[in-house]
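Engineer: Fold the following for me, if possible:
(one chain, ligands or ions: 1)
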Amino acid sequence: MARVLFTPVFQSVKNMSADSTIAPMLINGEWLSTHAGFPVVNPANGEQLALVSDGTADEALSAVDAAHAAFASWSVTTCHHRSAILYRAWELMLARKAELADLMTREQGKPLRAATNEVQYAADFLLWFAEEAKRMYGESIPSARGDQRFIVHHHPVGVVAAITPWNYPVSMITRKVAPALAAGCTVVLKPAEATPLCAVEVFRILEEAGVPAGVINLVTTASPAPVGKVFCEDERIKKLTFTGSTPVGRKLSAEAAPSLKRVSMELGGHAPFIVYPDADPVHAAKGAALVKFLNTGQACICPNRIFVHRNIATEFVETLASRVSKMKAGDGRGEGIAIGPLVNEAALHKVDKQVADARDKGAEIVCGGQPLTDGNLAQGHFYAPTVLTGVREDMLIYREETFGPVAPVVVFDDEDDVIAMANDTHYGLAAYVYTNNLSTAMRAFEQLRFGIIGINDINPTSASAPFGGMNHSGLGREGAREGLLEYLETKLGGFSI
Ligand code: ADP
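Structural biologist: Okay, here's the model as predicted:
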């Protein structure tokens, strides 16, 4: 390992070139770079942004050593002290909103406005858990025995390992690290290989806010499996928290099982979006256009099956297609860009394959339907925002998560059938319902087997609300009061007096 100078925030990223500095990792309070780095590229144009330290199992172990050693002192700090540090981190993140958003757009590709919103969302978790840190209340439980008293306390679970994805490269870090720190846990974190620079800057903020050496450790790598193996198998790690795909989540859960770690898994989704016949089709279509194309469709809560009642389908599709066909694709820093690039070539192929399969099986492409390669778009992984109608059960897109800018519309006739159609998936993260009938809304809310249900609402997420899925969409909840409990052990004291 070679030491590199601690570079000021963002300077490292802006000035870095292939043969100068390699973006560092944070282990035991020291910013360290590996001798060779892996490239991080802008998905909009293929430009190399930086070389980043390529950590191995050795660095992962050093990070766990540090987090394990730091737990003894961090876990006994007062929750008021930890709250104050998180509060400072919140202030710092808001002060750097514009720079972080710009970096995110270059590294991940989402339009600048969406990146700015994400930094705000990420900061919301710092504030929320700064507040929740002070509310780790215990309980006193009356006993049936006159001589007995029960009290319940909460204690930090221990060292936490976190693995985060590229699609929300700042907020998925604070959603895990903020509650872990609030609870008194120490952390080792591996960000996605596509977006390590955002992670570096978040860790700089946490360090500047006063998180002590060893309490938070960042291991970047181009080869996630060996680092993931250490995180899953090391007995000193007491909790694994993961956001990413269902296959990887399943594999990590299995690797973590022998050491009986607690796990939180925030995995894939296949959200239904139901528009009942009494709903306003124009209003619903505007909502669908916004939430489906959020982050170019690369969000686990994006609708993947849009069920519209036959009576209002024409008006719905017209409005949706008219909005979608006006969405401009390009480099997210450009004026008026709504559609950024997909993360990589494989993602582009997956989307194109699903659309081709639907078309071959009889779906109609109302707009879009192909990769975008005109001019500068050829340098990135762009796909035209697409609306499909006539989507049926035998099509790939009906079953598989798309993670791209394609809105598949399924027309339904019978209101009694649509809930069963919506529930016909192994996933269970988000669902959306448009209706003006209170009974229909309540029935749908109760019967849909999903963790998050938006009723006439396309943004049912907030740092103060529990986020998470059922079934193959995962285990546990993030944000809200529940988000803190995920990092706490419950301890019962029974006193005979
Ligand atoms: P996606 O398919 O959306 O890229 P992944 O589940 O592959 O989602 O990635 C989410 C996170 O999981 C990333 O940080 C990635 O590096 C990590 N990851 C992928 N494979 C493994 C693995 N075998 N072990 C540990 N982490 C992994």
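
Engineer: Tell me the buried residues in stretch 366-385?
Structural biologist: Of the residues in stretch 366-385, those scored as buried under the neighbour-count criterion (16 or more other C-beta atoms under 10 Å) are 366-369, 371-372, 377, 379-385. Backbone N, C-alpha and C define where each C-beta goes, glycine included.

Engineer: Any buried residues in the longest helix anywhere in the chain, and which?
Structural biologist: When every helix of the chain is counted residue by residue (DSSP state H), the longest turns out to be helix 112-132. Of all the residues in helix 112-132, those buried under the rule 16+ other C-beta under 10 Å are 112, 114-119, 121-132.

Engineer: Show the model's pLDDT score for Asp416.
Structural biologist: Note for Asp416: predicted pLDDT of 87.

Engineer: before we move on, what about Glu193?
Structural biologist: According to the model, Glu193 scores 97 on pLDDT.

Engineer: Please tell me how far the closest residue to it other than its chain neighbours sits from the ligand.
Structural biologist: In space, and not counting its chain neighbours, Glu193 is closest to Ala222: 5.1 Å by C-beta to C-beta, 6 or more residues apart in numbering. For Ala222, the distance to the ligand equals 9 Å [C-beta to the nearest ligand atom, to the nearest Å].

Engineer: do Leu252 as well
Structural biologist: Leu252 sits at a distance of 6 Å from the ligand (criterion: C-beta to the nearest ligand atom).

Engineer: cool, Trp31 as well?
Structural biologist: Counting by C-beta to the nearest ligand atom, the gap between Trp31 and the ligand amounts to 20 Å.

Engineer: Pro165 against Ala192, yeah?
Structural biologist: Yes - with contacts defined as C-beta atoms under 8 Å, Pro165 counts as touching Ala192 at a distance of 5.2 Å.

Engineer: which neighbours do the two share?
Structural biologist: Common neighbours of Pro165 and Ala192, counting by C-beta atoms under 8 Å, 6 or more residues apart in numbering, are Gly244.

Engineer: Return the residues in contact with Asn423.
Structural biologist: Asn423 neighbours (C-beta under 8 Å, 6+ apart): 447-449.

Engineer: Out of those residues, who's the most crowded?
Structural biologist: Taking other C-beta atoms under 10 Å as the neighbour criterion, Leu448 ranks highest of those with 21 neighbours.

Engineer: How about that residue, nearest residue that isn't a chain neighbour?
Structural biologist: Ala431 (4.6 Å).

Engineer: Contacts for the host helix or strand of that neighbour next, please.
Structural biologist: With secondary structure defined by DSSP states H and E, Ala431 is part of strand 430-434. For strand 430-434, the surrounding residues in contact (C-beta under 8 Å, 6+ apart) are 269, 271-276, 279-280, 283-284, 287-288, 291, 300-301, 303, 422, 440-441, 444-445, 448, 450-458, 460, 469.

Engineer: May I have the secondary structure class of Met442?
Structural biologist: At Met442, secondary structure determined by DSSP: H, G, I helix; E, B strand; the rest coil is helix.

Engineer: measure it to Asn459 for me?
Structural biologist: With distances defined as C-beta to C-beta, to the nearest Å, the gap from Met442 to Asn459 amounts to 20 Å.

Engineer: Equivalent analysis for Ile141, please.
Structural biologist: When C-beta to C-beta is the yardstick, Ile141 and Asn459 sit 38 Å from each other.

Engineer: Can you name the residues that contact Asn376?
Structural biologist: Counting by C-beta under 8 Å, 6+ apart, Asn376 makes contact with 45, 330-331.

Engineer: pLDDT at it, what is it?
Structural biologist: Confidence at Asn376, expressed as pLDDT, is 92.

Engineer: Provide the secondary structure category for it.
Structural biologist: Look at Asn376: counting by three-state DSSP, its state is helix.

Engineer: Can you pull the residues of the chain lying near the ligand?
Structural biologist: Near the ligand, the residues belonging to the chain are 163-165, 190, 192-193, 224-225, 228, 244-245, 248, 251-252 when assessed by C-beta under 6 Å from any ligand atom.

Engineer: Quick check on those residues: which are buried?
Structural biologist: By the neighbour-count criterion of 16+ other C-beta under 10 Å, the residues of the chain next to the ligand include these buried positions: 163-165, 190, 192-193, 224, 228, 244, 248, 252.

Engineer: Closest one of the residues you listed to Leu103?
Structural biologist: The nearest member of those to Leu103, counting by C-beta to C-beta, is Ala192 at 14.6 Å.

Engineer: Help me confirm that the closest one is found in a strand?
Structural biologist: No - under three-state DSSP, Ala192 sits outside any strand and is assigned coil.

Engineer: Just the CA atoms of whichever strand or helix holds Ala225, as CSV, please.
Structural biologist: Ala225 belongs to helix 224-233 when elements are defined using DSSP H and E. Coordinates of the C-alpha atoms in helix 224-233 are reproduced here as CSV (Å, rounded to 0.1, in the frame of the first residue of the first chain):
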residue,chain,number,x,y,z
PRO,A,224,-16.5,-7.4,-5.3
ALA,A,225,-16.6,-11.1,-4.5
PRO,A,226,-13.4,-11.5,-2.3
VAL,A,227,-14.3,-8.4,-0.3
GLY,A,228,-17.9,-9.6,0.0
LYS,A,229,-16.7,-12.9,1.2
VAL,A,230,-14.7,-11.3,4.1
PHE,A,231,-17.8,-9.2,5.0
CYS,A,232,-20.0,-12.3,5.0
GLU,A,233,-17.7,-14.7,6.8
